[in-house]
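*Asks:* only the shape, not the letters, is given here:
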C-alpha cells in the first residue's frame, strides 16, 4: 500500500488510475448535479435556492473538466462498480425528518457535504507533481472548489432552520459520510492506495535537522492549491 | 497504533518513554497533529517522562465529526486518556487551542494532575482575538488550508526562523495541507462560536501552573496570559525571549527544558507560583530571572509601574 497515486508512467499518473478516479468522481458529481437540477425551481424565491443554482453550475464545470482532463482507457472492472456507485447515490429517506420534503433536502445536502469533504483527490497526487499536468490541475481545482462548495451545505445543515432537528441532521450526514468514505476507500484499495499514511510523513520542521531526509522529500516544485 | 474509544469516536494517541514514573500529556494546537510534537516529546522522554500525545477530535488520524465538535467532547477525551495512565504524577501541557482544552480540564478535574502548563493560551476571546479568529476562518473557507497556513506561518514564527526554514516552507505547507481537512478545521474553529469566557472559573484550578508565553506573541498576546496569571492561584508567568506563538515548534528544546524543570520542582515540593513573573533563559540550562521589579511586564517598552504589579493572591497575602 502507498499513500499516493503512481508509480508514474512517462512522468504522468497512469491512465488506468486516472480513469478510475475520474469515473468515480463523474458518477458522484453527476448524481449530485442531477439531484440539484431537480431541486432547483424554475424561479428562485429564497436565498438558499441561489446557492443551489450556483452549486449546480459549479458541478457542471467539474463534470466537463473531468471528461476532458483525464486520459481515459478501457477498464472492465468499472462496469459493476459504476452500477454500485449509482445505486448508492440515489436519494434516501432521512429518519426523523418532519416530512418528505425536509428529508429530501437534508439528504441532498448531506450527500453534497460528504462528497466535498471526504473525497480529496488532490491529496492523492505524489508530492512535487507538476502543476502543468492537466489531470493534476483538475484534481487540485476540484478539491479547492470543494472547500468552497461545501460552505452552502454547512450553512444549510448547521443553520437555524434545522436547529430543532440537529441530531437528525448529524445522523444523516454521518451516514452519508460513511457511505462515501467506504466506496472511495474501496476504489483506492483497488489501486493499492492507503491514505492513512499521510499523517505519518515526516513534518518539514523535523526535516530541517535531517538534511538527507529533507532533500529526499522536498517537493521539486511549489505545491499549492490552485 | 493505540486507539482510545470515546463515545463511539476513535482517538489516535501515541505513547513514548517509560510506562512508569511521571507523565506529560500534550494537547495539540489547532492545525497540529501528533508527529509535530516529536522534538519536544523526545526531549521530555530523555528526561525520564512518559509522553502521551494525541489527535483531538477533528485532527490527524482521530475521527472527524462531520458537522459539530463540542469543546466538552475534547475535554472528555482528555479525561479518559488521563484516566488510563493510572496513579502517578501527571502533567498536562497544551498549546493555544489545546491550552484552552487543558484549562477546561484542569477546572473540572485538576485534582487528577500534578501540574498544568498552558502555552500561548487564553481563557477569554476579546475583540482582537475574535476578529483574528474570524479572519482566519474566512481565509480557510475562501483559500483553503494552504492559505490558512500562509496566514499562520508569520503569526507563529519569528522572521529569523522562517528565513532559516525558507527552503522547507513549501514542504511544511504541503504536509500540513495533507494532514488537515478543511471541514474538520472549520468545525474546530466554529467550536468557539459558543465559547463562554473561563475567567471566572480559573480560581478553581488549584494545581501548580506554569503559564508560558512568547515575548512577541501577537496572536494570543500578553494580556491573555496575564489574565491566567491573575486568576489561577498557584501560577507563574514565564516569558520566553524572542518567541512568537508556536514556540514548541521553533524552540522545542528550550520549551521542554522549562516543562521538565517545572515538573521536577513540583514533584520535589519546591514549586512556588505565587503569581510571579519570570523571564526564561535564551538557551537550555540557563536560569530563569525574575521580571525586573518596578517595571510593567505588560508593556513592550520599559515603563515603571506606579506600584508593584501583584496577582490577587499576592495582594491577599500582603494584606494579611
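*Replies:* All right, it came through fine. Small disclaimer: the values here were computed from a predicted structure and weren't measured. Residues are numbered from 1 along each chain as shown, chains lettered A, B, ... in the order given.

*Asks:* now the strands for the stretch 51-200 of chain B?
*Replies:* B:90-95, B:115-119 (DSSP state E, counting those that start in this stretch).

*Asks:* please identify the deepest-packed of the ones you listed.
*Replies:* Sort the strands of the stretch 51-200 of chain B by mean neighbour count, taking mean count of other CB atoms under 10 Å in any protein chain shown, and strand B:115-119 sits at the top with a mean of 29. All C-beta atoms are positioned from the backbone trio N, CA, C, and that covers glycine.

*Asks:* how far off centre is that strand?
*Replies:* The chain centroid and the centroid of strand B:115-119 are separated by 7 Å, computed with CA atoms, centre = their mean, to the nearest Å.

*Asks:* can you spell out which helices and strands pack onto that strand?
*Replies:* Under the contact definition 3 or more CB pairs under 8 Å, 6 or more residues apart in numbering or on different chains; DSSP states H and E, strand B:115-119 sits against strand B:90-95, helix B:97-109, strand B:209-214, helix B:252-267.

*Asks:* show me what contacts the residue of chain A found nearest chain B?
*Replies:* Closest approach of chain A to chain B (CB to the nearest CB) occurs at residue A:204, with a separation of 3.5 Å. Residue A:204 makes contacts with A:214, B:165, B:168, B:169, B:171, B:172, B:175, as judged by CB atoms under 8 Å, 6 or more residues apart in numbering or on different chains.

*Asks:* the strands of the stretch 51-200 of chain B into CSV, with extra columns for mean pLDDT?
*Replies:* As requested, these are exported to CSV (pLDDT from 0 to 100):
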stretch, mean pLDDT
strand B:90-95, 98
strand B:115-119, 98
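
*Asks:* and the ones you listed: which comes nearest residue A:7?
*Replies:* Closest approach to residue A:7 among those is made by strand B:90-95 (38.7 Å; CB to CB).

*Asks:* check whether the closest one comes near chain A.
*Replies:* No - Strand B:90-95 is not in contact with chain A by CB under 8 Å from any CB of the partner chain; minimum separation 14.0 Å.

*Asks:* can you list the weak-confidence ranges in chain A?
*Replies:* Counting by pLDDT under 70, chain A contains low-confidence ranges at A:207-226.

*Asks:* for the spatially most central residue of it, list the residues it contacts.
*Replies:* Nearest to the mean C-alpha position of chain A, by CA atoms, centre = their mean, lies residue A:119 at 3.3 Å. Residue A:119 sits next to A:25, A:28, A:146, A:180, A:184 when contact means CB under 8 Å, 6+ apart.

*Asks:* how about the residues you listed, which pair is most distant?
*Replies:* Farthest pair in those, by CB to CB: A:146 and A:184, 12.9 Å.

*Asks:* and the helices in the chain?
*Replies:* No chain specified, so I'll use chain A. A:15-39, A:47-69, A:78-89, A:100-118, A:134-158, A:166-190, A:204-207, A:211-217 (DSSP state H).

*Asks:* nope, chain B please
*Replies:* B:38-46, B:71-83, B:97-109, B:127-156, B:159-164, B:169-179, B:182-190, B:222-231, B:247-250, B:252-267, B:312-319.

*Asks:* deepest-packed of the ones you listed, please.
*Replies:* helix B:247-250 (a mean of 26).

*Asks:* OK, contacts around the residue of chain B found nearest chain A?
*Replies:* Going by CB to the nearest CB, chain A is nearest to residue B:172 of chain B, at 3.5 Å. Listed by CB under 8 Å, 6+ apart, the contact set of residue B:172 reads A:203, A:204, A:205, B:149, B:153, B:165.

*Asks:* let's see 7 Å
*Replies:* A:203, A:204, A:205 (CB atoms under 7 Å, 6 or more residues apart in numbering or on different chains).

*Asks:* same deal with residue B:185?
*Replies:* Counted by CB under 7 Å, 6+ apart, residue B:185 has contacts B:31, B:140, B:145.

*Asks:* JSON lines for those, including distance to residue A:193 and pLDDT?
*Replies:* Putting the contacts of residue B:185 into JSON lines (distance: CB to CB, whole Å; pLDDT from 0 to 100) gives the following:
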{"residue": "B:31", "distance to residue A:193": "24", "pLDDT": "93"}
{"residue": "B:140", "distance to residue A:193": "26", "pLDDT": "97"}
{"residue": "B:145", "distance to residue A:193": "21", "pLDDT": "95"}
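
*Asks:* among those residues, which are in reach of chain A?
*Replies:* The overlap between these and the neighbours of chain A (CB under 7 Å from any CB of the partner chain) is empty.

*Asks:* just these now: which is nearest residue B:274?
*Replies:* residue B:31 (34.9 Å).

*Asks:* surely that closest one and residue B:176 touch.
*Replies:* Yes - between residue B:31 and residue B:176 there is a contact under CB atoms under 7 Å: 6.0 Å.

*Asks:* any common contacting residues for these two?
*Replies:* With CB under 7 Å, 6+ apart, residue B:31 and residue B:176 have no common neighbours.

*Asks:* what's the burial count for residue 165?
*Replies:* In the absence of a named chain, chain A is used. 18 (other CB atoms under 10 Å in any protein chain shown).

*Asks:* wait, chain B was what I had in mind.
*Replies:* Count around residue B:165 with other CB under 10 Å applied: 19.

*Asks:* please tell me how far it sits from residue B:253.
*Replies:* In this view, residue B:165 and residue B:253 are 16 Å apart by CB to CB, to the nearest Å.
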